[in-house]
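1. Return a 3D structure for these sequence lines:
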Amino acid sequence: MRVAAAHRMNVLRDPQILRGYLIEQPFDGLPWISHCGEALCIRGHSLPAHRHPYFELLLLTGGRASWWVGRQEFVQEVGDLFVTFPGQLHRTGPHPNPENQHLWIGVNLGALGPAGRNLGRQLQLQHRQVVPQCADLEPLLRGVMAQAISRPPEAAAVVRRYLELVVALLRQRVAPAEEGAAGVDPVPCSLPVQRCLAYMRANLDRRLSLEEIARVGAMRNITHFCTRFRREVGLTPAQLHRRWRLEAAREALRRADAAITPLAFQFGFSSSQHFSGVFRRTFGLSPSDWRDAAVG
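-> The predicted model follows:
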């Protein structure tokens with residue numbers, strides 16, 4: 001693959017990569033796109049820990065992949081989007097990946113206006129590292145790659161429109177999980193996970209162990225259960241159940257006589273201090289401030 005030097009394309013010659021390329025700063029008029037590329041990797045391909053200045057969106061188009069973010073493993077199936085946040089350290093996971101193919105882009109979502117900023121906040125609030133079933137993003141991302149390679153006139157305007165569509169599609173998938181009480185996810189869940197969700201919804205008065213939730217779905221392997229749950233729902237069981245408990249407590253705080261400490265225990269938090277800290281990090285206000293604003 002020969003491209004003019006001005007295009008800043010690097011053909012990937014890593015022995016673990018069968019074919020691929022990386023383009024850094026692909027568009028002169030769009031400095032908020034840091035890089036884009038595509039690679040077909042051999043079995044066992046590994047990447048050392050690294051980070052990016054912007055969000056990185058990595059779509060798996062073939063095979064299977066696992067990733068480490070901090071101390072947590074995330075498994076990516078074909079069509080899933082793996083998301084890393086600005087400055088977040090990540091690397092390939094602990095188990096050898098099969099041969100896989102993926103394409104990726106580094107982008108400052110905030111540069112895409114209110115919709116992009118909102119999406120970035122939702123992804124980080126939900127700790128959403130994997131967004132499942134995003135195969136419809138592939139033609140959009142490939143469109144970005146084609147513009148980066150050929151760089152026709154008006155490429156920057158076309159790429160912006162592509163990425164605006166990417167943001168719109170991702171918001172469709174992320175927003176329902178952010179709203180929590182409205183449902184579970186825009187993608188239908190498997191029957192075992194549906195049973196777990198119903199059980200979690202019916203037990204908002206206490207913390208539930210992973211073992212207890214997994215038994216409801218008749219899943220004996222906890223690691224497999226957590227991986228499957230996160231792939232289908234977008235959050236871990238603990239994250240989603242805590243979110244639902246917080247939202248139930250928030251609704252209860254709409255009463256002027258609502259007391260913080262009894263509510264904390266009512267919804268399974270160990271203390272009013274713990275409840276208040278988690279509540280503030282999630283909603284941006286303390287429970288008492290929320291109650292005062294809601295009551296008016």
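2. Could I get the full set of helices for this structure?
-> 113-125, 138-150, 155-179, 191-202, 210-216, 222-233, 237-252, 260-266, 272-283, 287-295 (DSSP state H).
3. who's in contact with the residue nearest the centre of the chain?
-> In the chain, the residue lying closest to the centroid (Cα atoms, centre = their mean) is Arg128, at 2.6 Å. Residues in contact with Arg128, defined by Cβ atoms under 8 Å, 6 or more residues apart in numbering, are 83, 122, 174, 177, 234-235. For every residue, glycine as well, the C-beta is placed using N, CA and C.
4. Then Val158?
-> Counted by Cβ under 8 Å, 6+ apart, Val158 has contacts 143, 147, 152.
5. from these, which would you call buried?
-> Burial by neighbour count, 16 or more other Cβ atoms under 10 Å: within the contacts of Val158 this picks out 143, 147.
6. min pLDDT across the contacts of Val158, which one?
-> Model confidence across the contacts of Val158 bottoms out at Pro152, which has 92.
7. Torsion angles phi and psi at it?
-> Here is the backbone geometry of Pro152 (degrees, to the nearest 10): phi -70, psi 170.
8. so what's it closest to, chain neighbours aside?
-> Closest residue in space to Pro152, ignoring its immediate chain neighbours: Val158 at 8.0 Å, by Cβ to Cβ, 6 or more residues apart in numbering.
9. what residue ranges in the protein are flagged as low confidence?
-> Applying pLDDT under 70 to the chain flags the ranges 1-8, 175-188, 295-296.
10. Look up how far Arg291 lies from the residue lying farthest from the centre of it.
-> In the chain, the residue that sits farthest from the middle, by Cα atoms, centre = their mean, is Asp257; the gap is 37.5 Å. With distances taken as Cβ to Cβ, to the nearest Å, Asp257 is found 10 Å from Arg291.
11. got it, and Leu12?
-> 55 Å.
12. Among these two, which residue is more densely surrounded?
-> The neighbour comparison of Leu12 against Arg291 (other Cβ atoms under 10 Å) goes to Arg291, with 21 against 16.
13. What is the neighbour count of the residue nearest to the more buried one when sequence neighbours are not counted?
-> Of all residues not flanking Arg291 in the chain, Leu253 sits nearest, at 4.3 Å (Cβ to Cβ, 6+ apart). Other residues near Leu253 come to 22 when the count uses other Cβ under 10 Å.
14. re earlier: dump the contacts of Val158 to CSV, plus distance to Gly284.
-> Putting the contacts of Val158 into CSV (distance: Cβ to Cβ, whole Å) gives the following:
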residue, distance to Gly284
Gly143, 36
Gln147, 38
Pro152, 43
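15. Pick the one among the contacts of Val158 closest to Glu24.
-> When the contacts of Val158 are ranked by distance to Glu24 (Cβ to Cβ), Gln147 comes first, at 15.2 Å.
16. ok, the residue nearest to Arg291 touching Asp292?
-> No - when contacts are counted by Cβ atoms under 8 Å, Leu253 is not listed as touching Asp292 (9.3 Å).
17. what residues do these two have in common as contacts?
-> Contacts common to Leu253 and Asp292, judged by Cβ under 8 Å, 6+ apart, are absent.
18. What distance do you get for Cys134 to Glu56?
-> Relative to Glu56, and taking Cβ to Cβ, Cys134 is found at 14 Å.
19. Trp67 now?
-> 11 Å.
20. List the buried residues in stretch 136-144.
-> Buried residues in stretch 136-144 (16+ other Cβ under 10 Å): 137, 140-141, 143-144.
21. again with stretch 70-83
-> For stretch 70-83, the neighbour count (16+ other Cβ under 10 Å) marks 74-76, 78-83 as buried.
22. try stretch 164-175
-> Applying a neighbour-count criterion of 16+ other Cβ under 10 Å, one finds 166-167, 169-171, 173-174 buried in stretch 164-175.
23. Check stretch 12-20 too.
-> So for stretch 12-20, counting by 16+ other Cβ under 10 Å, buried means 12, 20.
24. who's in contact with that stretch?
-> Applying Cβ under 8 Å, 6+ apart, the external contacts of stretch 12-20 come out as 11, 21-22, 37-42, 44-46, 99.
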